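> One predicted model, sequence on top.
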Amino acid sequence: MTSYINKILVDGERAIYQARRSMWSQPALVLIGIVLLPVLGLGLLLLLWAWVICRTTELAITTRRIISKSGIIKRTTVELRLDKIESIKVDQGIMGRILNFGSITISGTGGEQTPIERIADPLRFQKHFMSAVDRGPKQP
């Protein structure tokens, strides 16, 4: 199955870094799913639901923009041009620090803020963003 990110890349654009949503970001579904595993497969459904949430969220930094997509039936997408982003803020609680997940908030020109929640290794995402900005947009 081709990813959403790969489908929407334009000529001359390539993905530099792809992130994912952390399974640890779904603690209620995972814990209740484990507890309910013996109950008629209900636990398995909850674990499957948590997995689907994580697998249907795609995040990427390309040579031109940051792309975020979530959802299967109801799709939500955010695309931000690298040259229109002023900063990225990383938020990690105690469990996020221990299990290496967190949220990022992207601040664009004009004061608009875009949160991207519960991604795995948010500091690595921030590092790749800074590298992409330092390289500048690539023209075909």
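In hand now; what should we look at? Numbering: from 1, shown residues only.
> From here on, just use CA atoms for contacts and neighbour counts.
OK.
> elements contacting the worst-scoring helix or strand of the chain on mean pLDDT?
The weakest-scoring helix or strand in the chain, judged by mean pLDDT, DSSP states H and E, is helix 27-35 (a mean of 83). Contact partners of helix 27-35 among helices and strands, from 3 or more Cα pairs under 8 Å, 6 or more residues apart in numbering; DSSP states H and E: helix 42-55.
> Give me the next element, helix or strand, following the helix it packs on.
With elements assigned by DSSP states H and E, the helix or strand that comes after helix 42-55 is strand 58-62.
> Okay, helices next: where are they in the protein?
Defined through DSSP state H, the helices belonging to the chain, from first to last, are 4-8, 27-35, 42-55, 94-99, 122-135.
> among those, which is nearest Tyr17?
Distances from Tyr17 to each of these were compared by Cα to Cα, and the smallest falls on helix 122-135, at 6.7 Å.
> Ignoring the adjacent residues along the chain, who's closest to Asn100?
Spatially, and ignoring its direct neighbours in sequence, Asn100 is nearest to Asp121 (5.3 Å; Cα to Cα, 6 or more residues apart in numbering).
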